[in-house]
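S.K.: have a look at this prediction, sequence included:
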Amino acid sequence: MLDISESHEVGLTGVALPIDVELLIPPLHRDPHDPNSVTFADCGVGSSSKVTLKLTNRSTELPATFQFRRIAHFSCQPARKCLQPGQSVDILVNFAPRQMGQWSTNNTATLCNIMYCV
């Protein structure tokens with residue numbers, strides 16, 4: 001039984017590893033002025049334009065979870081997923097305008113690593 005009046009030293013160690021992911025945008029849909037932007041084909045109200053992106057977890061140690069936030073006229077499938085080390089996923093991004101206009105927005109994917117993916 002442990003005597004609570006005694007003190008004991010405990011050594012703790014840890015390693016911080018970066019989340020290492022790569023997002024590939026097809027050259028045809030890459031904005032020439034901003035390589036991190038996706039350009040969609042012009043389309044009318046009621047139609048859509050789709051682009052497939054490839055997200056790869058380049059980590060050898062940690063799983064990575066991504067989640068795209070919802071933005072009007074755009075959708076992502078899958079919008080959330082856990083990638084094991086070395087795993088890739090194709091993400092279908094759909095632009096489906098519901099009214100006329102020119103749309104330009106930034107969508108941020110939240111990335112995090114979790115020890116156990118479900």
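M.R.: It's in.
S.K.: correct me, but residue 73 touches residue 98?
M.R.: Yes. In this structure, residue 73 is within contact of residue 98 by Cβ atoms under 8 Å, at 6.3 Å. Glycine gets a C-beta too; all of them are placed from N, C-alpha and C.
S.K.: more neighbours: which of the two?
M.R.: Comparing residue 73 with residue 98 by other Cβ atoms under 10 Å, the one with more neighbours is residue 73, at 15 against 9.
S.K.: chain neighbours aside, what residue packs nearest to the more buried one?
M.R.: Once its chain neighbours are removed from consideration, residue 73 has its nearest residue in residue 97; the separation is 5.1 Å (Cβ to Cβ, 6 or more residues apart in numbering).
S.K.: output the below-cut-off pLDDT ranges for the protein.
M.R.: Using pLDDT under 70 as the threshold, the predicted model of the chain has low-confidence ranges 1-4, 13-18, 103-118.
S.K.: now do 80
M.R.: Along the chain, segments meeting pLDDT under 80 span 1-9, 11-19, 35, 101-118.
S.K.: so which residues of it form strands?
M.R.: 21-24, 30-31, 34-38, 49-57, 64-68, 74-77, 80-83, 88-95, 109-112 (DSSP state E).
S.K.: wait, which of those strands is closest to residue 8?
M.R.: Taking Cβ to Cβ, strand 109-112 is the member of the strands of the chain nearest to residue 8, at 33.9 Å.
S.K.: starting at the chain centroid, how far to stretch 38-57?
M.R.: 16 Å (Cα atoms, centre = their mean, to the nearest Å).
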